[in-house]
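Colleague: Would you be able to build a 3D model of this:
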Amino acid sequence: MKPGIHPEYRPVVFRDKAGGTAFLTRSTVTSEQVVTWEDGNTYPVVDVEVSSASHPFYTGRGRVVDTAGRVERFRQRYGRS
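Modeller: Got it, this is the predicted structure:
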């Protein structure tokens, strides 16, 4: 790899606005905002709309679409041909 052309890879806090949780991980993203983490150090913070803590697929609050019921209603209404 060429030296001097890659962005800095450092610890960053991602804060979920919907779920109210925060994750400390490493990233190249930059931010002007900083937050003091649980270990006492300050890290840049990036606010995200959805993360695994608030996404319906991961939390189990997702809607289940009843496609079988729709097919049965169609067959009752128009019969089988």
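Colleague: and Phe74, what are its phi and psi?
Modeller: When read as degrees, to the nearest 10, the backbone of Phe74 gives phi -60, psi -40.
Colleague: From Gly20, how far off is Val35?
Modeller: As for Val35, its distance to Gly20 is 14 Å (criterion: Cβ to Cβ, to the nearest Å). Quick note: C-beta positions are derived from backbone N, CA and C, even for glycine.
Colleague: higher neighbour count, those two?
Modeller: Val35 (16 against 9; other Cβ atoms under 10 Å).
Colleague: mind checking pLDDT for the more buried one?
Modeller: In this model, Val35 is scored at 93, pLDDT.
Colleague: Okay, and the beta partners of the residue lying closest to it once chain neighbours are set aside?
Modeller: Using Cβ to Cβ, 6 or more residues apart in numbering and skipping the chain neighbours, the partner closest in space to Val35 is Val45 (4.2 Å). Val45 has these beta-bridge partners by DSSP bridges: Val13.
Colleague: Might one say that Val45 is in contact with Thr36?
Modeller: No - Val45 is not in contact with Thr36 according to Cβ atoms under 8 Å; the separation is 9.8 Å.
Colleague: For those two, indicate the residue with more neighbours.
Modeller: A count of neighbours by other Cβ under 10 Å puts Val45 above the other of Val45 and Thr36, at 18 against 11.
Colleague: which residues touch the more buried one?
Modeller: Residues near Val45 by Cβ atoms under 8 Å, 6 or more residues apart in numbering: 12-15, 22, 31, 33-35.
Colleague: of those, buried ones?
Modeller: Buried subset of the contacts of Val45 (neighbour count, 16 or more other Cβ atoms under 10 Å): 12-15, 22, 35.
Colleague: Let me know the closest of those residues to Gly69.
Modeller: Of all those, Gly69 sits closest to Phe14, with 39.2 Å by Cβ to Cβ.
Colleague: Kindly state the pLDDT recorded for that closest one?
Modeller: At Phe14, pLDDT is 91.
Colleague: same thing with Asp39?
Modeller: We have a pLDDT of 93 for Asp39.
Colleague: Likewise for the one 3 residues further on?
Modeller: For Thr42, the model assigns a pLDDT of 95.
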